[in-house]
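> Show me how the following folds:
(one chain, ligands or ions: 3)
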Amino acid sequence: MTELHRQQHDHLDRLQQDYARVLAEHRYDGVLLYSGRPARHFGDDQHASFSAYGHFVHWTGQASLAHSWLLVRPGEPPTLYLYAPADFWHLPARLPEEPWVARFRVELRDTPEPPPLPRGRYAVLGEASPAMAQALGAAANPPALVAALDELRVRKSDYEVACLRKANRRALAGHRAARDAFLAGGAELDIQLAYLGAARQRESELPYANIVGVNAHGGVLHYQHYDLEPPGKRHSLLLDGGCRHRGYCADITRTWPGPDAAPEFAPLVEGLTALQQRLIAGLAPGGSFVALQRRLHEGLATLLVEQQLVNASAEAVLESGLTRAFCPHGLGHLLGVQVHDVAGRVDAEGRPLPPPAEHPSLRLTRELEAGMVVTMEPGLYLIPMLLEAHRHRPEVAWRRLEALADHGGIRIEDNVLVTAEGPVNLTSREG
Ligand code: GLY
Ligand code: MN
Ligand code: MN
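Numbering: from 1, shown residues only. Ligands and ions are numbered 1, 2, ... in the order given. Alright, predicted model coming up:
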């Protein structure tokens, strides 16, 4: 048995204990986790790509298993009802030959319908309709139970950290190949294909659609296309690319100046990277991510002044709200079996912790704890729609911004484990 398999056994031990405790606290005899099913296009026989429900993946690591169910009852091995009908059109689902499978009772099924439940008080979690839950005699997604199980995903086990680390390694291989494709003159689609080849992952299995923004497209926060033609000028590439490994997600962004970049661009990339490193150094148990979000904006104000994009004091820039036009998204989020993992905006008791009014997109507002894995992703973009509201400000060096307009933007994103001994950057070579 490998070290990873041993860690996976410990992870399953911990899950079994934690589920037993939570189910007892919420007075359930068990919980049925539904992996889910791919959505079918209306009037068509084709399906959208699919990701299994996070709590199902938390146990099994199987993010592609559809129509399957996991019954968890304290004191006995979980039962995995695996949808694997005899089918000559498709290869039936199979589990890997790995030690963790022996921890489950596995029942092969030829129906996507839920399995019958034993007598008792049960909840069904996942994309379960009220009619389905009623037929099972179970509660569908009771919020208090869901919140308590979400909480179990907040602090990662050693096994989960190992998987996240490996997802990072694979994503970084993709990023290197993508950068090379960009510098070799490739179009956005060529860059994406180079990424997928090096990360060894098909597009439909990525944790999110990679964002491959050449030039001004880098300033579209969730840019969703892949141009087929290479750009005339190559100012910049912003690539936000992930990878899934054994269910766990990497979420990494790099920004590369191109051969036609304005001289102002590379120093901005370096400045933002240095700011990101300082923010990472501030990750500690008991710390506040909301406070780090505020430090991000202080750092952006300083960078804008240093790079002479705004001629004012950093304090005045911060006060004016201008930094929020340059970076309208949050500093980061929890990461795990989902790219935006659950429970970032509630405390450990499930009480809501809404983001501050001035940072509504912030997805992580709870106190930091050892074992959390978070993304750290400051950005600095040239988004005409947002800058327009500041057009009246004479202190803004509009001509310099004009020279940078076709560079889109910069984001630098790493995945970091919070520990009492200091942050561990899973994305860096040492991570
Ligand atoms: N890739 C999505 C995000 O960075 O949150
Ligand atoms: Mn992210
Ligand atoms: Mn990202």
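> Give me the distance between the two termini of stretch 372-384.
One end of stretch 372-384 sits 35 Å from the other (Cα to Cα, to the nearest Å).
> Same question for stretch 195-208.
14 Å.
> Flag every residue of the stretch 301-431 of the chain that's near ligand 2.
For the stretch 301-431 of the chain, the residues in contact with ligand 2 (Cβ under 5 Å from the ion) are residue 375. Bear in mind the C-beta positions are built from the backbone N, C-alpha and C, glycine included.
> which stretches of the stretch 301-431 of the chain form helices?
314-320, 322-326, 384-387, 398-404 (DSSP state H, counting those that start in this stretch).
> Please identify the most buried of those helices.
Mean neighbour count (mean count of other Cβ atoms under 10 Å) peaks for helix 322-326 among the helices of the stretch 301-431 of the chain, with a mean of 22.
> What residues are bridge-paired with the residue in the stretch 301-431 of the chain positioned nearest to ligand 3?
Among all residues of the stretch 301-431 of the chain, residue 413 sits closest to ligand 3, at 4.9 Å; criterion: Cβ to the ion. Counting by DSSP bridges, residue 413 is bridged to residue 253.
> Spatially nearest residue to residue 389, not counting backbone neighbours?
Spatial nearest neighbour of residue 389, chain neighbours left out: residue 325 (6.7 Å); criterion: Cβ to Cβ, 6 or more residues apart in numbering.
> That neighbour reaches residue 385, doesn't it?
No - using Cβ atoms under 8 Å, residue 325 is not in contact with residue 385, being 9.1 Å away.
> about what we covered before: check contacts around the residue nearest to residue 389.
Listed by Cβ atoms under 8 Å, 6 or more residues apart in numbering, the contact set of residue 325 reads 383, 386, 387, 389, 390.
> Dump those into TSV; add pLDDT and distance to ligand 3 as well.
As requested, the contacts of residue 325 are exported to TSV (pLDDT from 0 to 100; distance: Cβ to the ion, whole Å):
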residue	pLDDT	distance to ligand 3
383	98	17
386	98	19
387	98	23
389	96	26
390	98	26
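> closest to residue 205 among those?
Nearest to residue 205 among the contacts of residue 325: residue 383, at 30.5 Å, using Cβ to Cβ.
> need the contact list for the residue of the stretch 301-431 of the chain closest to ligand 3.
The contact partners of residue 413, by Cβ under 8 Å, 6+ apart, come to 240, 251, 252, 253, 254, 332, 375, 376, 377, 427.
> Can you tell me which of those end up in strands?
Cross-referencing these against strands under DSSP state E gives 240, 251, 252, 253, 254, 375, 376.
> Make JSON lines from those residues and add neighbour count to it.
Below are the ones in strands among the contacts of residue 413 laid out as JSON lines (neighbours: other Cβ atoms under 10 Å):
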{"residue": "240", "neighbour count": "24"}
{"residue": "251", "neighbour count": "27"}
{"residue": "252", "neighbour count": "23"}
{"residue": "253", "neighbour count": "24"}
{"residue": "254", "neighbour count": "23"}
{"residue": "375", "neighbour count": "25"}
{"residue": "376", "neighbour count": "24"}
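> between those residues, which is nearest residue 91?
Ranked by distance to residue 91 (Cβ to Cβ), the ones in strands among the contacts of residue 413 are led by residue 251 at 29.7 Å.
> Quickly note the distance from the closest one to ligand 2.
Distance of residue 251 to ligand 2, given as Cβ to the ion, to the nearest Å: 4 Å.
> Which ones among the ones in strands among the contacts of residue 413 also lie next to ligand 3?
Okay, of the ones in strands among the contacts of residue 413 touching ligand 3 (Cβ under 5 Å from the ion), that's 240, 251, 253.
> Just send those back as TSV, with pLDDT too.
Below are these laid out as TSV (pLDDT from 0 to 100):
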residue	pLDDT
240	99
251	99
253	98
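> so which of the residues you listed comes closest to residue 112?
Relative to residue 112, the closest of those is residue 251; by Cβ to Cβ it sits at 30.9 Å.
> for residue 63, what are its contacts?
By Cβ under 8 Å, 6+ apart, residue 63 lies in contact with 51, 52, 57, 205, 244, 247, 337.
> Sitting in helices, which of these do you find?
Judged by DSSP state H, the subset of these located in helices is residue 57.
> Any quick ChimeraX command for the buried ones out of the contacts of residue 63?
In ChimeraX, a selection of the buried entries from these looks like this (16 or more other Cβ atoms under 10 Å):
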select :51,52,57,244,247,337
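> ok, so of the contacts of residue 63, who is nearest ligand 1?
Checking the contacts of residue 63 against ligand 1 with Cβ to the nearest ligand atom, the nearest one is residue 244 at 12.7 Å.
> Chain neighbours aside, what residue packs nearest to the closest one?
Per Cβ to Cβ, 6+ apart, closest to residue 244 is residue 207, 5.1 Å.
> The stretch 1-150 of the chain: helices as residue ranges?
Counting by DSSP H, counting those that start in this stretch, the helices of the stretch 1-150 of the chain are 3-25, 54-60, 130-136, 143-151.
> looking at those helices, which is closest to ligand 1?
The closest of the helices of the stretch 1-150 of the chain to ligand 1 is helix 54-60. By Cβ to the nearest ligand atom, the value is 15.7 Å.
> So which elements touch that closest one?
When contacts are defined as 3 or more Cβ pairs under 8 Å, 6 or more residues apart in numbering; DSSP states H and E, helix 54-60 packs onto helix 3-25, strand 30-34, strand 69-72.
> What parts of the protein come near ligand 3?
Residues of the chain lying near ligand 3 (Cβ under 5 Å from the ion): 240, 251, 253, 413.
> Sort out which one of these lies nearest residue 314 for me.
In terms of Cβ to Cβ, no member of the residues of the chain next to ligand 3 lies closer to residue 314 than residue 413, at 23.8 Å.
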